[in-house]
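Novice: Okay, sequence plus prediction incoming.
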Amino acid sequence: MSNLAELQHKLASTDDVNDQLAVVGALRALPAEAFAERPLAAARLAVLTGYTSKWLTELTYGQALLRGVHLETTETLYGLYEQALFAADPELVSFKPTIVYFCVGAEHLVLDSVESEVARWRRAWERARELFACDVILNTFVEPSPRIFGNAELKIADSRGRRIAELNLALASAAPSYVHLHDVNALALDLGRNRLLDPKWFALAKLPANLSCLPAYAQSLSAVIAAILGKSRKGIVLDLDGTLWGGVVGDDGVDGIRIGADSAEGESYRRFQSYLKELAARGVLLAVCSKNEESVARAAFERPEMVLKFQDISAFFASWGDKDEAILKVARALNVLPESLVFVDDSPLERELVRQRLPGVAVVDLPKDPAGYTAALAAPRYFETVFVSNEDRLRARNQAAELERTALEKTAGSYEEFLASLEMEAVIRPWKAEEVPRVVQLLGKTNQFNLTGQRFTDPQMLARVDNPEFLSLCLSLRDRFGDHGLVSVLAGRCSGDTCVIENWVMSCRVFKRGVESAFFNEACRELRARGVRTILGRLVTTERNGYVKDLFPSLGFDPAEPADGGVSTWRYTLDAEGSAASANSFIRINGKAAQSG
Amino acid sequence: MEGVFAKVFGRPIVLEDSLTAADVAGWDSLTNIRLLDTIERELSISLSVTEVMSLDSVGALVDVVHEKVGN
């Protein structure tokens, strides 16, 4: 990773003001060429300040860089925010700002009346525009605390609280298109007004806000800057299972997923969908990348409790391929760069994959609890806007329903690196009596990786424990992200030198990692030791198990009988050496690295 | 305390009671603010404006901090 990329990663991973300032110091020390590797927008920011804003400026430099904006910065001397403009301060003039930011607050207001105060700021931004033809950013003013009139403050026309509330709205109305608000009043609501504006910080050093809040303040300001330069992100790529609803639609069925007001979980997902819907109405594009059968995924959108409808989705990709490939397809379909996209997925594994392979895509760190999804997506302010046009709203709708389905080919090299980085460990062995309930459950509820649909009872599976007439293997998997527990079961009946696979199921959570071939290799080893020469398998095709339609040929089976309706039979000959299934070197099996055969 | 100084200055600083701002490169009045904020957060204590204004050496700072943490 380059120096710039490393520093950006460090900056993005901390909220602490000291840590951020240290990283910004390092960024400022990089030579100009170091920034050439990223397509950055440039801007010249002049901070016209009524505070000691040096640290805020540095932090804003860092946050703007994370959003793809490389700033040159300057500040006027403390308190000279109007004078520098009206006197055409030579240093400011020679700096030629493209953005002028009034870093001011309630302590700088005169406020004889709302009208006179608006007129004052109008004179200031018109003067800036006249001198520099620049954009202007103006802080909103934070309402006072304590309120002299207490709860009655808003009813008293001349109270400071009422005046400031009216002032903010009047400034918003009076602002021409080149004047943008930085809503510090709203930031105070989010962070706690008395925490943000704890008076001791102004008393000690005339800081614009609590030192610990400056990173959030800078992040907020940088979002306005990025929006001015067109660097806001444009679209969200959404996973489905566990992200838009509770449960896995492929396993739980359309009626089994949790969405809607009848449970706390369903309600949380419903609220998240509402937030997404409002963003979409504003012009933010929504796309779906889900590891599901397309028909199943689409069917879920028919649930009446779904707030998002299929028409709200501008690009929809349901396939078993890797998410980073799918995200690139989304980018092409929506005609945007990956740097314009935000990825939302409840799986830490998928998030890490995308982070590693598509560093330009913003990946949201979702908390475990879906009640926190909206805040997690909103906090980084990816979608700030300086205006919303009708065009934005239409664009999202016009791009709806482009359904492409192509087979995805893995790019061998980097996918293998990713698999290796997972540090997967599998335990494959005959199941024990106490595991029978879980074995039966997995056989009963798995739909996608389910060869024959045959289900079993607890007594049946209990009878197979330590019973040489049967092959009774189960696989448990752990990886860097945690222990997945029992995820696959292989049940077979042996007689003489033949073993018939009665059913084989696998949880969809562990698809596409080589678990299939690892399990099969281990089963072959076990069977070879028992003197089995032939393995017979059956595939009963259903609406849900399209995922396994090529499983037998991929493992080296030959067709045994011609397919009859939806049922096909397959044969595998175990020779003395190895199995034909490709060696899987990324999963440690039973404590040792896997070998072929 | 040495950890706090290292965090704020970006390098290890050897602390002695008699150490003052004049002795350390990069320690200006603004740095005080960051030191105090970091100390407050890491030690979960609160320093008043008057207490802060009275501090003129590391020794004085350590004394005030000990008082607060002891209470």
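Specialist: Here it is on my side, so go on.
Novice: quick check, residue B:11 in a helix?
Specialist: No: membership of residue B:11 in a helix is not supported by DSSP: H, G, I helix; E, B strand; the rest coil, which gives coil.
Novice: how about it, what does it touch?
Specialist: Not one residue lies near residue B:11 by C-beta atoms under 8 Å, 6 or more residues apart in numbering or on different chains. Any C-beta I mention is one placed from the backbone N, CA and C, and that applies to glycine too.
Novice: By average pLDDT, which secondary structure element in chain A comes out worst?
Specialist: Every helix and strand in chain A was compared by mean pLDDT, DSSP states H and E; the lowest is helix A:390-398, with a mean of 50.
Novice: Could you list the contact residues of chain B toward chain A?
Specialist: B:7-8, B:10, B:29-30, B:33-34, B:36-38, B:41, B:48-49, B:52 (C-beta under 8 Å from any C-beta of the partner chain).
Novice: Please flag which of these sit within strands.
Specialist: Applying DSSP state E to the residues of chain B next to chain A, no entry is found in strands.
Novice: If any of these are buried, give me the ChimeraX selection for them.
Specialist: Under the burial definition 16 or more other C-beta atoms under 10 Å in any protein chain shown, those of those that qualify are selected in ChimeraX by:
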select /B:7,8,33,34,36,37,38,52
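Novice: Columns distance to residue A:572 and pLDDT on top of the residues of chain B next to chain A, output as JSON lines?
Specialist: Formatted as JSON lines, the residues of chain B next to chain A follow (distance: C-beta to C-beta, whole Å; pLDDT from 0 to 100):
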{"residue": "B:7", "distance to residue A:572": "62", "pLDDT": "83"}
{"residue": "B:8", "distance to residue A:572": "67", "pLDDT": "84"}
{"residue": "B:10", "distance to residue A:572": "63", "pLDDT": "79"}
{"residue": "B:29", "distance to residue A:572": "79", "pLDDT": "72"}
{"residue": "B:30", "distance to residue A:572": "74", "pLDDT": "77"}
{"residue": "B:33", "distance to residue A:572": "73", "pLDDT": "81"}
{"residue": "B:34", "distance to residue A:572": "69", "pLDDT": "86"}
{"residue": "B:36", "distance to residue A:572": "73", "pLDDT": "82"}
{"residue": "B:37", "distance to residue A:572": "68", "pLDDT": "84"}
{"residue": "B:38", "distance to residue A:572": "66", "pLDDT": "87"}
{"residue": "B:41", "distance to residue A:572": "64", "pLDDT": "84"}
{"residue": "B:48", "distance to residue A:572": "80", "pLDDT": "77"}
{"residue": "B:49", "distance to residue A:572": "81", "pLDDT": "70"}
{"residue": "B:52", "distance to residue A:572": "78", "pLDDT": "72"}
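Novice: Show me the residues of chain B next to chain A that map onto helices.
Specialist: B:7-8, B:29-30, B:33-34, B:36-38, B:41, B:49, B:52 (DSSP state H).
Novice: Now the two most distant members of those.
Specialist: Spatially, the most separated pair among these is B:7 and B:49, at 22.7 Å (C-beta to C-beta).
Novice: on that earlier part again, just name the closest of the residues of chain B next to chain A to residue A:459, please.
Specialist: Among the residues of chain B next to chain A, residue B:41 lies closest to residue A:459 (C-beta to C-beta), at 60.9 Å.
Novice: For residue A:62, see how far away the closest residue to the closest one other than its chain neighbours is.
Specialist: Distances taken as C-beta to C-beta, 6 or more residues apart in numbering or on different chains place residue A:212 nearest to residue B:41, at 6.7 Å, with adjacent residues excluded. Residue A:212 sits 16 Å away from residue A:62, taking C-beta to C-beta, to the nearest Å as the criterion.
Novice: Could you check which of these two has the larger neighbour count?
Specialist: More neighbours surround residue A:62 than the other of residue A:212 and residue A:62, with 26 against 20 (other C-beta atoms under 10 Å in any protein chain shown).
Novice: dump the residue contacts of the more buried one.
Specialist: Here residue A:62 is in contact with A:11, A:20, A:23-24, A:27, A:218 (criterion: C-beta under 8 Å, 6+ apart).
Novice: go on, residue A:67?
Specialist: Neighbouring residues of residue A:67 by C-beta under 8 Å, 6+ apart: A:222-223, A:225-226, A:231-232.
Novice: do that again at 10 Å, thanks
Specialist: Contact analysis of residue A:67 by C-beta atoms under 10 Å, 6 or more residues apart in numbering or on different chains lists A:40-41, A:219, A:222-223, A:225-227, A:229, A:231-233, A:339, A:362, A:380-382, A:384.
Novice: Then residue B:18?
Specialist: Listed by C-beta under 10 Å, 6+ apart, the contact partners of residue B:18 are B:57-59.
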